[in-house]
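Chemist: Pasting the sequence and the predicted model now:
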Amino acid sequence: MGDKKRVLVKFSGEALAGESGFGIDNSIVKFIADEIKSLVRAGVEVGIVIGGGNIIRGVSAARDGIIKRTSGDHMGMLSTVINSIAMREALEHGGVDVRVQSAIKMEAICETFIVGRAIRHLQKGRVVIFAAGTGNPFFTTDTAATLRAIEIGSDMIIKATKVDGVYDKDPHKFEGATLLRELSYETAMADNIKVMDDTAIALAKDNALPIIVCNMFKAGNLLNIITNSADATYSIVK
Ligand code: UDP
């Protein structure tokens with residue numbers, strides 16, 4: 001690997017839940033922490049954004065009109081803080097230096113997001129987990145991750161998923177779906193593909209931030225991607 005790389009890894013809250021789809025499975029959190037640790041040990045500067053879908057999504061919370069959408073989104077953002085704390089613990093447990101920075105101030109629990117401070121942490125080899133999304137309702141954690149990636153000058157955003165990359169059609173529904181190795185931002189926005197929500201993809205496009213989509217559950221894959229190994233499996237949007 002040449003220059004020191006800085007990456008932002010985003011994964012959904014659901015990824016943490018495992019089979020049950022709800023809550024946090026510590027063995028999964030530990031697996032992800034070990035993957036992140038291997039990046040840090042290789043000298044990569046790592047930021048992380050975790051979703052909150054394993055606990056609450058604003059849209060679902062507000063579905064029946066009792067909870068306002070803005071309040072539902074606040075609940076969703078707080079869910080990401082819960083997940084971020086779990087990930088911080090697993091990284092610390094594995095001997096990795098790590099800080100959580102929340103977009104919403106909660107000083108008894110974690111730091112508040114300050115871009116310059118985040119960059120200093122990264123330069124010192126600390127992982128920074130960006131919690132509470134953008135701090136605003138009506139956004140997603142994919143958009144938050146893209147925003148933070150751009151703010152910290154990340155070389156790429158890695159959307160770590162349960163599948164190997166972006167397919168031309170849903171691989172769970174269609175036999176013979178093919179993995180698209182490289183696609184444009186426009187294709188990534190297409191209705192049948194939707195790598196991330198339009199806001200996130202537009203932000204990435206405007207700032208020429210490459211989006212990598214890959215499988216997080218293949219051990220070693222994240223490191224293989226960053227080191228350009230022939231074994232890496234992923235799609236790239238650029
Ligand atoms: N959220 C928000 N603003 C943000 C990011 C997230 O209001 O900037 C809320 C929103 O309600 C969302 C929830 O947090 O549904 C959890 O995030 P997301 O759905 O992106 O999680 P994921 O699907 O990645 O687990």
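Modeler: Structure received.
Chemist: Where does the prediction get shaky in the protein?
Modeler: 1-3 (pLDDT under 70).
Chemist: ranges for the strands of it?
Modeler: 6-11, 45-50, 98-102, 111-112, 127-131, 156-161, 166-167, 179-180, 182-183, 211-215, 234-237 (DSSP state E).
Chemist: so can I have TSV of those showing distance to the ligand and mean neighbour count?
Modeler: Backbone N, C-alpha and C define where each C-beta goes, glycine included. Shown next, in TSV, are the strands of the chain (distance: least, CB to the nearest ligand atom, whole Å; neighbours: other CB atoms under 10 Å):
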stretch	distance to the ligand	mean neighbour count
strand 6-11	7	24
strand 45-50	7	27
strand 98-102	12	22
strand 111-112	15	16
strand 127-131	10	28
strand 156-161	10	24
strand 166-167	17	22
strand 179-180	21	16
strand 182-183	21	17
strand 211-215	13	22
strand 234-237	17	22
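Chemist: Tabulate those (CSV), appending distance to Thr140.
Modeler: Putting the strands of the chain into CSV (distance: least, CB to CB, whole Å) gives the following:
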stretch, distance to Thr140
strand 6-11, 10
strand 45-50, 10
strand 98-102, 17
strand 111-112, 21
strand 127-131, 13
strand 156-161, 12
strand 166-167, 18
strand 179-180, 22
strand 182-183, 20
strand 211-215, 14
strand 234-237, 16
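Chemist: which parts of this protein sit against the ligand?
Modeler: 12-14, 51-53, 57-58, 72-73, 76-77, 79-80, 133-134, 136-137, 139-141, 144 (CB under 6 Å from any ligand atom).
Chemist: Please indicate which of those residues are buried?
Modeler: With burial judged by 16 or more other CB atoms under 10 Å, the buried subset of those is 12-14, 51-53, 57-58, 72-73, 76-77, 79-80, 133-134, 137, 139-141, 144.
Chemist: Helices - which of the residues you listed land there?
Modeler: 13-14, 58, 72-73, 76-77, 79-80, 141, 144 (DSSP state H).
Chemist: and which of those is nearest Phe217?
Modeler: For these, the minimum distance to Phe217 (CB to CB) is 12.4 Å, reached by Glu14.
Chemist: my guess is the closest one contacts Gly53, does it?
Modeler: Yes: counting by CB atoms under 8 Å, Glu14 touches Gly53, with 4.8 Å between them.
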